[in-house]
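Engineer: no sequence for this one, just the structure:
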């Protein structure tokens with residue numbers, strides 16, 4: 001599970017987060033150029049489908065500028081990973097010879113994301129699927145100003161768990177959590193340095209949320225592939 005922490009006070013980045021190719025996290029400094037190119041090409045294909053909604057491979061080639069061979073290889077991998085769907089129900093009439101074109105689209109059930117927006121007096125949550133469709137939305141009134149430092153992350157995690165349960169989901173169904181908050185953030189640390197919503201300063205958010213949503217299981221080895229994984233935590237600068 002990746003937790004993104006942002007101080008832009010809106011939910012406009014919801015759809016873009018849901019389209020991230022979060023199947024693999026790559027350390028750019030330690031990877032060969034060919035790996036970087038492959039990841040960039042995957043991103044181009046996913047972005048093209050995000051804007052087009054659905055498209056055949058030939059159209060994806062036109063939209064991305066990639067060769068048909070590259071598109072075929074990338075989409076085969078994405079299909080194998082469960083990130084794309086093929087639509088064989090539409091068979092457009094064509095005078096061309098060869099195999100009919102098949103539309104590809106993002107697989108909504110590949111995973112889900114949650115965006116939590118923290119502002120004065122309220123916590124707002126949105127659940128979306130991989131295709132960027134909003135599944136659920138809820139606003140909770142919270143007395144934020146008088147909350148203690150250790151209470152904020154705990155409250156956020158508690159609300160997220162309840163929100164998921166109400167929609168028959170668990171943390172294992174979520175790959176990304178985005179946290180948006182008013183104020184200024186400490187880059188890379190996942191701390192809210194200051195916010196008009198709170199009297200306290202330097203409030204940790206990503207660490208307590210990830211810890212409470214991913215409690216250790218004494219019966220399960222920490223190396224188990226079935227356990228949720230916490231990838232990079234990214235803190236973005238506040239927008240004006």
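Structural biologist: Sure, I can see it. Computed from a predicted structure; not experimentally measured.

Engineer: if I look at the residue nearest to residue 145 when sequence neighbours are not counted, how far off is residue 148?
Structural biologist: Spatial nearest neighbour of residue 145, excluding adjacent residues (Cβ to Cβ, 6 or more residues apart in numbering): residue 199 at 5.4 Å. Using the backbone N, CA and C atoms, a C-beta is placed for each residue, glycine as well. Computed with Cβ to Cβ, to the nearest Å, the distance linking residue 199 and residue 148 is 9 Å.

Engineer: please apply the same query to residue 38.
Structural biologist: Separation of residue 38 from residue 148 (Cβ to Cβ): 46 Å.

Engineer: neighbour-wise, which of these two wins?
Structural biologist: Legend: neighbour count by other Cβ atoms under 10 Å for residue 38 and residue 148, higher for residue 38 (17 against 11).

Engineer: quick check, that one in a strand?
Structural biologist: No: assessed with DSSP: H, G, I helix; E, B strand; the rest coil, residue 38 is helix; it does not lie in a strand.

Engineer: residue 167 reaches residue 138, doesn't it?
Structural biologist: No: if you go by Cβ atoms under 8 Å, residue 167 and residue 138 don't touch, sitting 9.4 Å apart.

Engineer: residue 143 is in contact with the residue nearest to residue 145, correct?
Structural biologist: No: if you go by Cβ under 8 Å, residue 199 and residue 143 don't touch, sitting 10.8 Å apart.

Engineer: neighbour count winner among the two?
Structural biologist: Taking other Cβ under 10 Å, residue 199 and residue 143 do not tie; residue 199 has more neighbours (12 against 8).

Engineer: contacts only, for that one.
Structural biologist: When contacts are counted by Cβ atoms under 8 Å, 6 or more residues apart in numbering, residue 199 touches 145, 146, 147.

Engineer: tell me which of the residues you listed is nearest to residue 110?
Structural biologist: The closest of those to residue 110 turns out to be residue 147 (Cβ to Cβ; 35.0 Å).

Engineer: and that closest one, how far is that from residue 189?
Structural biologist: For residue 147, the distance to residue 189 - Cβ to Cβ - is 19 Å.

Engineer: same question, residue 165
Structural biologist: Applying Cβ to Cβ, the value for residue 165 to residue 189 is 29 Å.

Engineer: of these two, which one has the most company?
Structural biologist: residue 189 (16 against 10).
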